[in-house]
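**Q** curious how this folds, go ahead:
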Amino acid sequence: MSLNRFQTLRKYLNMVILGQPVLTENLMTALVADGHLLVEGPPGLAKTRAVKALCDGIQGNFQRIQFTPDLLPADLTGTDIYRSQTGEFEFEKGPIFHNLILADEINRSPAKVQSALLEAMAEGQVTVGKQSYPLSKLFLVMATQNPLENEGTYPLPEAQLDRFLMHLNLDYPSAETEFQILRQSRKEAQTHKQLKMEPISQEDIFAARDASLQLYLAEPLEKYIVDIVMATRQPQQYSDELASWLEYGVSPRATISLERCARARAWLQDRDFVSPEDIQAVAPNVLRHRLLLSYQAQAEGISTDDVIRQIISLVAVP
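**A** From the prediction side, this is the model:
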């Protein structure tokens, strides 16, 4: 297993997906950290294209699922089909049985469908009737939400949000990047031919995950991660203003996610140790969807990113 393969994959993603370095960087982080992504941004920002490009760069299969209000759990997981030839029921796998899943506009599906996806993300399996079926070892979900429309949506409950490793906020590309997108769209077939790369094997991905867990993480940095988490739960110890902004802090799953993402970032940057900068860099995406702001913060126009910046500035760096 070589880091060079992953660096080549990153270059490939940045060449295919123009103007979204945050998305490509965190796709790589999620792949190495073994977690799922929730991506929020306006339509047309290459979210589907990004997951397809990632699938082109690794040995795996891809499925896009459009979440709609009439979607049923069986449309996601599959169902038992009666075979008249044998007189028995046979399980027909649904689209969730792929390595990479794009759950498009996840908040447009009802609670039962979200619950089925939650089981797949949390347990690595789906249950149909009395039978459970394991998913592939390589399983990554990138779910999207459209912030421009709220009508006819089913907001994700906090418990499901907590299952996502990171929550990304995407914005429109710059004017210069928009020119590059125009030119690339005109020579799409030629570009893809030029950028074709040899896929990374699933064994190499699993080896990368193991390697990231072997990086050196000093005990003071472990305490730093815990201090950041505790600052969300006991903000009054740091600032009265911070305490007035927070209703609830993050769960222990956030502590684990902070460490794993920091390790993945350090490994992708070819270091054998985790630095405070790694923790600070991944903290916004790891904590953003796990914090619950108070009414006062919402009334004052304070965002979760504002709160996270305040926490990073207040917690002492070892």
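
**Q** any stretches of the stretch 1-150 of the chain with poor pLDDT?
**A** Across the stretch 1-150 of the chain, the ranges flagged by pLDDT under 70 are 1, 148-150.

**Q** dump stretch 251-267 to CSV, restricted to CA.
**A** Only the C-alpha atoms of stretch 251-267 are listed here, as CSV (Å, rounded to 0.1, in the frame of the first residue of the first chain):
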residue,chain,number,x,y,z
SER,A,251,-21.8,13.2,21.8
PRO,A,252,-18.9,10.9,22.4
ARG,A,253,-19.2,9.9,18.8
ALA,A,254,-17.8,13.4,18.0
THR,A,255,-14.7,12.6,20.1
ILE,A,256,-14.1,9.5,18.1
SER,A,257,-14.7,11.3,14.8
LEU,A,258,-12.4,14.1,15.6
GLU,A,259,-9.5,11.7,16.3
ARG,A,260,-10.2,9.6,13.2
CYS,A,261,-10.5,12.5,10.8
ALA,A,262,-7.4,14.2,12.3
ARG,A,263,-5.5,10.9,11.8
ALA,A,264,-6.7,10.5,8.2
ARG,A,265,-5.7,14.1,7.4
ALA,A,266,-2.2,13.6,8.9
TRP,A,267,-1.7,10.3,7.0
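
**Q** contacting residues around that stretch?
**A** The contact list for stretch 251-267, computed with Cβ atoms under 8 Å, 6 or more residues apart in numbering, reads 3, 28-30, 32-35, 162-163, 165-166, 208, 211-213, 215, 217, 222, 225-226, 228-229, 232, 272-275, 278-279, 281-283, 285-287, 290. Quick note: C-beta positions are derived from backbone N, CA and C, even for glycine.

**Q** do stretch 155-162 as well
**A** By Cβ under 8 Å, 6+ apart, the list of residues contacting stretch 155-162 from outside reads 38, 106-107, 114, 118, 145, 167, 251, 253-254, 289-290, 292.

**Q** just the ones of the residues you listed in helices?
**A** Among the contacts of stretch 155-162, the members falling in helices (DSSP state H) are 114, 118, 253, 254.

**Q** circling back: save the contacts of stretch 155-162 as CSV, and put in distance to residue 201 and neighbour count too.
**A** Output for the contacts of stretch 155-162, formatted as CSV (distance: Cβ to Cβ, whole Å; neighbours: other Cβ atoms under 10 Å):
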residue, distance to residue 201, neighbour count
38, 27, 25
106, 29, 24
107, 34, 20
114, 32, 22
118, 29, 17
145, 32, 22
167, 29, 21
251, 34, 16
253, 29, 14
254, 31, 22
289, 32, 24
290, 33, 21
292, 41, 15
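
**Q** now distance to residue 125 too, for these, in TSV please.
**A** Output for the contacts of stretch 155-162, formatted as TSV (distance: Cβ to Cβ, whole Å):
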residue	distance to residue 125
38	21
106	19
107	23
114	16
118	12
145	25
167	24
251	22
253	19
254	24
289	24
290	24
292	29
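
**Q** thanks a lot, catch you later.
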